[in-house]
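Visitor: after the sequence you'll find the predicted model.
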Protein chains: 2
Amino acid sequence: MPDAGRTGGLARVVPVNQRSHRWAPPPTSLMTDHYELTMLQAALHAGTAHRRSVFEVFARRLPAGRRYGVVAGTGRLLEGLESFCFGDEQLRFLADTGVVNRSTLDYLAGFRFTGSISGYAEGEAYFPSSPLLVVEGTFAEACVLETYFLSVLNYDSAVASAASRMVGAAAGRPCIEMGSRRAHEEAAVAAARAAVIGGFDSTSNLEAGHRYGIRTVGTAAHSFTLLHDSEEDAFRAQLESMGRDTTLLVDTYDVETAVRTAVALAGPELGGVRLDSGDLVTQAAWVRGLLDELGNRGTRITVTSDLDEYAIAALNAAPVDAFGVGTRVVTGSGAPTSSMVYKLVAREDSSGELRPVAKAARGKASVGGRKHALRRRDEKGTATHELVGIGGLPDDDGDDRPLMEDFVRDGELLDGWTGPAGVRRARERHAASVAELPRSARRLSEGDPVIPTVLGPEAPA
Amino acid sequence: MPDAGRTGGLARVVPVNQRSHRWAPPPTSLMTDHYELTMLQAALHAGTAHRRSVFEVFARRLPAGRRYGVVAGTGRLLEGLESFCFGDEQLRFLADTGVVNRSTLDYLAGFRFTGSISGYAEGEAYFPSSPLLVVEGTFAEACVLETYFLSVLNYDSAVASAASRMVGAAAGRPCIEMGSRRAHEEAAVAAARAAVIGGFDSTSNLEAGHRYGIRTVGTAAHSFTLLHDSEEDAFRAQLESMGRDTTLLVDTYDVETAVRTAVALAGPELGGVRLDSGDLVTQAAWVRGLLDELGNRGTRITVTSDLDEYAIAALNAAPVDAFGVGTRVVTGSGAPTSSMVYKLVAREDSSGELRPVAKAARGKASVGGRKHALRRRDEKGTATHELVGIGGLPDDDGDDRPLMEDFVRDGELLDGWTGPAGVRRARERHAASVAELPRSARRLSEGDPVIPTVLGPEAPA
């Protein structure tokens, strides 16, 4: 089994950027639904906008057949919260188009979130009804954040959840995120980040390297070979410029000719070859044989054609050293969004008391009251239940693991959740969280969530 | 049948912004794959980077069962091309991480696209092998744009293609894009834009209104009702603040009680009610009956629960005035990305002559040579074939429509494709393009592309 960290041959290694990152998101305040601001206007009018409120993000279900989900995007939404403000340009748009009235514009001009946000650490496994994010503030402050928070969590979690399954299927061999061209250009950056949180080794997306200090790698495209008068010219150019440890793409014309040319030019130090077409199982075995026969036992094989968790599992016995995954990881492998919702679960009434609230809408009923959560574990440390308490923490039996973390306290962002450090922390949390799940969590076949959620004040014995 | 333009009751109408928009995208140059820049480095080293090259974007196939696709994103990628440059921050990242060498950094510092771009107008219907974008320039200039261009086209076209089917199913009743919370926050803005190009009436996304002058609308969420001590308090607040022409959400508790309360408070001028749960077919008919009985014949019904083209078609006979579509439109209704690729089809050789090139990779072979396209039409103006000529324009039989438009000529962006004006133009092009297709294009059942593509110099008689 090759070393999971050993993908240097794909390209020169980009060390994780230790400097504080310089990137700041653009204003996020208009990345929201029209109704968030008109509800604010009506609540300001009614005098209810300043009622203390608790909103929660949760998913009623996992995507069909999935055993667990992975929370991602928390760090990103906290970064975006800092730029959730209404400057001259945003206010002018709202005024010119008449979305809201003068007094609402005045409120928005001074908008700053002064409440508190807690929830599951980024990277954590989650289950139906897990309270993933708890936003506490005035109705006005918490209401306007809904759309933006859900956008970030729904997309990033869809990618991290798919990535985690692929990493499980790869059984220790590195997965590389290469799907940028199959997702919106900004979503691609978030996808690279989420895939790495879900256990991917690296990404091809340079902006993800820039913003989050993620290692970026690359090989070459067919166009590079076609640009040159011969495949040999192309390989020579790449080897001379990038060094022998580079990875050559060998399926532009004939694979056997390409592999022989590559070895003739680079010798035994050739870093790797990439296969991007054909039957990868047969092809990888055949190319491995040829490389070994030519004396290139250390030359690695990367495969990259339409891979998902099932294709990766099918390559289990093939001599593949790294999986380059594109379309399927950035589109959530069949579940391109999570079904997370943002619901008001408690708010102050006219007497100033905080009261649980819930809607009754058919098939979409909600459970009122602020949630708290623990992961119940048996004496071996294996997870057995998701315990979600209403109005208070469920009883801890000693082996349980508390799941709620504080991200923002009275408007102050707490350290360690954002930027490159946040990504590293989320990646570690994810690895620990999945390691604690029953082994059947890794099954790719459709099934129920791997542990049941117990919602309510009673905890199982 | 209600008037398609008559959705004012959902919210105050935001007039299309006639001012030139002030929004400019952030630098897009690192929204690319690592290998684009290392291939550039190797080509600079080999002296081949300045060879004149032609790259083309096309799709080998439509998503399974689809009758046509819709090109979208062209205006956005042209906007982004203007900010595709390597400033101090981008160059510092590339230098610090060692992605490319000094001479490549020097080239990138002066990067500016000086070539030409042509292709299908945004909003145009497309088919397998349609040459959607033709990028002509040096290899260096055209290669580095690949990932960014594909990101934009693959996502935006997926959304516009899904939107167009939904609009067909809605048979004249307005569709409203409300899926922001189910897509990455920036993808959501692009999705709103693409949905409107595909025929949607409006969006809930404020940033799409800001950037592209798209009409934004909204109703209210369950949280707004729950915030108040009673549903009546909530409705009164909304009516007083937003006016009687607003749309009230009536399924937080009991629908009948809510409708009666709404009518009692607003009288016959109540703009609309929204249903977001339950069996919408039965519910819409029942609520229509109740509203009529209470004298509110002009009050509109908007439905919004998990709609896609099939659910919209199933509501064909129901008294619904507008469809609010979320998840399914922003995720491409089962096809969250298009399978468009960016391939080198011709390049200068060492003697300076432009030569067609193609790869042979199994299942991914490409056809060399620059493509040109016409839509063949019969004497009634109905499309019959997609004619794609290699190396020259296919013969025009007099009724054919040329499909290739110029977007950038020698580095100069041509007028009319970007900003709010570009969106309006694309929306008009889309309506005209779909109107010209055979009626079976609107079928929702799975099938082949509604017209065949003829690839090659010969045109059918």
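Guide: Received the coordinates, thanks.

Visitor: A:Phe111 in helix, strand or coil?
Guide: Counting by DSSP: H, G, I helix; E, B strand; the rest coil, the backbone at A:Phe111 sits in coil.

Visitor: hang on, isn't it packed against A:Thr32?
Guide: No - here A:Phe111 does not reach A:Thr32: they are 11.8 Å apart, not a contact under Cβ atoms under 8 Å. All C-beta atoms are positioned from the backbone trio N, CA, C, and that covers glycine.

Visitor: any residues in contact with both of these two?
Guide: A:Val144 (Cβ atoms under 8 Å, 6 or more residues apart in numbering or on different chains).

Visitor: so what's A:Pro336 up against?
Guide: Counting by Cβ under 8 Å, 6+ apart, A:Pro336 has contacts A:Ala158, B:Thr331, B:Gly332, B:Pro336.

Visitor: more neighbours: which of A:Phe111 and A:Thr32?
Guide: A:Thr32 (28 against 16; other Cβ atoms under 10 Å in any protein chain shown).

Visitor: pLDDT wise, what is the more buried one at?
Guide: Per-residue pLDDT puts A:Thr32 at 97.

Visitor: tell me how many other residues crowd the nearest residue to it once chain neighbours are set aside.
Guide: Nearest residue to A:Thr32, sequence neighbours excluded (Cβ to Cβ, 6 or more residues apart in numbering or on different chains): A:Thr147, at 4.2 Å. For A:Thr147, the tally of surrounding residues (other Cβ under 10 Å) stands at 27.

Visitor: now name the helix or strand holding A:Thr147.
Guide: Assigning secondary structure by DSSP states H and E places A:Thr147 in helix A:146-170.

Visitor: how far does that helix sit from its chain's centre?
Guide: 4 Å (Cα atoms, centre = their mean, to the nearest Å).

Visitor: which other helices and strands contact the helix or strand just after that helix?
Guide: Using DSSP H and E, the next helix or strand after helix A:146-170 towards the C-terminus is strand A:175-177. Judged by 3 or more Cβ pairs under 8 Å, 6 or more residues apart in numbering or on different chains; DSSP states H and E, the packing partners of strand A:175-177 are helix A:146-170, helix A:185-197, strand A:202-203, strand A:322-325, helix A:327-330.

Visitor: buried residues, the helix or strand hosting A:Thr257. List them.
Guide: Taking DSSP H and E as the definition, A:Thr257 sits inside helix A:255-266. The neighbour-count check on helix A:255-266 (16 or more other Cβ atoms under 10 Å in any protein chain shown) flags A:Val255, A:Ala258, A:Val259, A:Thr261, A:Ala262, A:Val263, A:Leu265, A:Ala266 as buried.

Visitor: measure the residue nearest to the second one when sequence neighbours are not counted to A:Gly298 for me?
Guide: Spelled out, it's A:Ala258. Of all residues not flanking A:Ala258 in the chain, A:Val250 sits nearest, at 3.7 Å (Cβ to Cβ, 6+ apart). Going from A:Val250 to A:Gly298 by Cβ to Cβ, to the nearest Å gives 16 Å.

Visitor: for A:Leu291, which non-adjacent residue is spatially closest?
Guide: A:Thr299 (5.1 Å).

Visitor: about what we covered before: now the angle from the helix holding A:Thr147 to helix A:185-197?
Guide: Angle, helix A:146-170 to helix A:185-197, by axes from the mean of the first three to the mean of the last three Cα atoms, to 10 degrees: 50 degrees.

Visitor: could you pull up the mean pLDDT of helix A:146-170?
Guide: 98.

Visitor: need the helices and strands packed on strand A:175-177 in a markdown table with distance to A:Ser230, can you?
Guide: As requested, the helices and strands packed on strand A:175-177 are exported to a markdown table (distance: least, Cβ to Cβ, whole Å):
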| stretch | distance to A:Ser230 |
| --- | --- |
| helix A:146-170 | 35 |
| helix A:185-197 | 33 |
| strand A:202-203 | 31 |
| strand A:322-325 | 25 |
| helix A:327-330 | 31 |
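
Visitor: tell me which of these sits nearest to B:Ser223.
Guide: Nearest to B:Ser223, of all the helices and strands packed on strand A:175-177, is helix A:146-170, at 7.9 Å by Cβ to Cβ.

Visitor: in the closest one, what counts as buried?
Guide: In helix A:146-170, counting by 16+ other Cβ under 10 Å, buried: A:146-170.

Visitor: in chain A, what spans have low per-residue confidence?
Guide: In the predicted model, chain A carries pLDDT under 70 at residues A:1-23, A:457-461.

Visitor: quick one, domains of it?
Guide: A:34-157+A:336-352+A:367-455, A:171-334 (automatic domain parsing).

Visitor: what's the closest of those to B:Ala285?
Guide: domain A:34-157+A:336-352+A:367-455 (25.7 Å).

Visitor: can you pull the contacts of the residue nearest to A:Ala258?
Guide: A:Ala258, A:Val259, A:Ala262, A:Val273, A:Arg274, A:Leu275, A:Val287 are the contacts of A:Val250 under Cβ under 8 Å, 6+ apart.

Visitor: can you pull out the helices in the stretch 1-150 of chain A?
Guide: Secondary structure of the stretch 1-150 of chain A, counting by DSSP state H, counting those that start in this stretch: helices at A:34-46, A:74-82, A:88-97, A:102-109, A:139-143, A:146-170.

Visitor: who in the stretch 351-461 of chain A is up against chain B?
Guide: A:Val357, A:Ala358, A:Lys359, A:Ala360, A:Ala361, A:Arg362, A:Gly363, A:Lys364, A:Ser366 (Cβ under 8 Å from any Cβ of the partner chain).

Visitor: quick check: the first one vs A:Ala346, distance?
Guide: By that I understand A:Val357. 6 Å.

Visitor: what do the two both touch?
Guide: A:Gly368.

Visitor: returning to what we had before: can I get the helices of the stretch 1-150 of chain A in CSV with distance to B:Asn205?
Guide: As requested, these are exported to CSV (distance: least, Cβ to Cβ, whole Å):
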stretch, distance to B:Asn205
helix A:34-46, 8
helix A:74-82, 15
helix A:88-97, 12
helix A:102-109, 17
helix A:139-143, 17
helix A:146-170, 8
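
Visitor: so for A:Ala237, which of these sits nearest?
Guide: helix A:146-170 (31.6 Å).

Visitor: how many neighbours does A:Asp415 have?
Guide: A:Asp415, neighbours per other Cβ under 10 Å, totals 8.

Visitor: so what does it look like in phi/psi?
Guide: The phi/psi pair for A:Asp415 (degrees, to the nearest 10) reads phi -70, psi 150.

Visitor: start to end distance for stretch A:271-280?
Guide: 19 Å (Cα to Cα, to the nearest Å).

Visitor: now swap in stretch A:288-303 and tell me
Guide: 12 Å.

Visitor: go through it and flag the buried ones.
Guide: A:Arg288, A:Leu290, A:Leu291, A:Leu294, A:Asn296, A:Thr299, A:Arg300, A:Ile301, A:Thr302, A:Val303.
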